[in-house]
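Asks: Pasting a predicted model and its sequence here:
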Amino acid sequence: MKQIQNKGFIKLILIIGFFLTVFFTLNVQAQGPSVQYLDSITEDEEGNKLFFPSFVFAEPFKNEIYIISQTKIIIYSKDFFPLFTLSKCNDIETPQGLTVDAYGNLYVAQGATKDNPRHRISVYNACLRWEHDIYLEGFDGAESFIPYRMAVDKKGNIYVSVAFFPGILILNNQGKLLEVFSVEDGEKKVKVNNVTLDEMGRIYIVSEEEGHIYVYDENKKFLFKFGEKGGSTGKLSRPMGVAVDNRNGRLYVVDYMRHTVSIYDKEGKYLSEFGGLGWGEGWFQHPRDIAVDSEGKILVADTFNDRIQVFKVNE
């Protein structure tokens, strides 16, 4: 009898805790922007399921959406209609991340394969035809550097990150290494895992390990950092990516372990968050990437729910 009572008491505590969490989250969210669920991308161009999408990119020139789903890159229109797929027949085998320059050239970070045992960046022209591969060399650790996420500036220089490497590689558009840009916090070189640029040239570098996003101007002058390491509301447990709404400078950070998206203003002040662990609309299961398109729609790679969720902010 005592064991049954204990189980009942524990169940009651869990239920109360759940409702308190929901209530607190709703109240926290009410202090910041209101986010509305719009749609989900769940299929490729052949109508097959979108398996484990790990990356999403809102291309700013044609307003197309690029999604990495396992070993494929699927390109969608701004209205989420699938247009084209790059796969093994296009020499896409292990895509990690990508970016597109102002001329429509596509740069794809790829890990080594049996047929090609070197990590590389594969370059495609605006017609999506393979041009050449860039192999990373000329710095300590080059042999084990697997390019992960990328961004490109107005000059065409490519910024390349890899998980838990203490810096960002900067290459010209021909693949020549220009600089290994280290992120320093005090006297410590910070291990980082993602990089994003906004239309003003500001550089946003994510450190999953530190729970911070470091912000620099286009000349790589440090401006500020934001985010606080932790597992509760308003903090970052494992930030995986950051996206910028270029209309207002608002910042969105996706958290893999907290299953949330945190919202900050352009100075890095925390505003609110949305999401949480779940399977229905507006909930996430280990999201891994985020993007904001030119209209301000927020796209979240909800990896273990096999979808890209789309949201809008009610201003």
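Replies: Received it, and whenever you're ready, just let me know what you need.

Asks: Just the pLDDT for K78.
Replies: On the pLDDT scale, K78 is placed at 95.

Asks: Please report phi then psi for it.
Replies: The phi/psi pair for K78 (degrees, to the nearest 10) reads phi -70, psi -20.

Asks: wait, it sits on Y66?
Replies: No - using CB atoms under 8 Å, K78 is not in contact with Y66, being 11.9 Å away. Backbone N, C-alpha and C define where each C-beta goes, glycine included.

Asks: neighbour count winner among the two?
Replies: The residue with more neighbours, out of K78 and Y66, is Y66; 22 against 15, by other CB atoms under 10 Å.

Asks: Could you pull up the contacting residues of the more buried one?
Replies: Applying CB atoms under 8 Å, 6 or more residues apart in numbering to Y66 gives the contacts 55-57, 59, 73-76, 98, 100.

Asks: just L171 next, same as before
Replies: 121, 134, 157-158, 160, 177-178.

Asks: Same check on R120?
Replies: Listed by CB under 8 Å, 6+ apart, the contact set of R120 reads 110, 133-136, 147.

Asks: mind pulling up the phi and psi values for E143?
Replies: phi -60, psi -30.

Asks: Make a PyMOL selection of the buried ones in the contacts of R120.
Replies: Burial among those is assessed by 16 or more other CB atoms under 10 Å; the matching PyMOL selection reads:
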select buried, resi 110+133+134+136+147
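
Asks: Spatially, which residue comes closest to R247, not counting chain neighbours?
Replies: Spatial nearest neighbour of R247, excluding adjacent residues (CB to CB, 6 or more residues apart in numbering): G296 at 5.7 Å.

Asks: Does the closest residue to Q70 other than its chain neighbours fall in a helix, a strand, or a coil region?
Replies: In space, and not counting its chain neighbours, Q70 is closest to F51: 5.2 Å by CB to CB, 6+ apart. Of the three states, F51 takes coil under DSSP: H, G, I helix; E, B strand; the rest coil.

Asks: tell me the pLDDT at F51?
Replies: F51 is given a pLDDT of 96.

Asks: next one: the one 4 residues further on
Replies: We note a pLDDT of 98 for F55 in this prediction.

Asks: hang on, it packs against Q96?
Replies: Yes - when contacts are counted by CB under 8 Å, F55 is listed as touching Q96 (7.5 Å).

Asks: Which residues are in contact with each of these two?
Replies: 68, 149.

Asks: The two: which is more packed in?
Replies: Comparing F55 with Q96 by other CB under 10 Å, the one with more neighbours is F55, at 25 against 21.

Asks: For the more buried one, give its distance to K154.
Replies: From F55 across to K154, the span is 23 Å (CB to CB, to the nearest Å).
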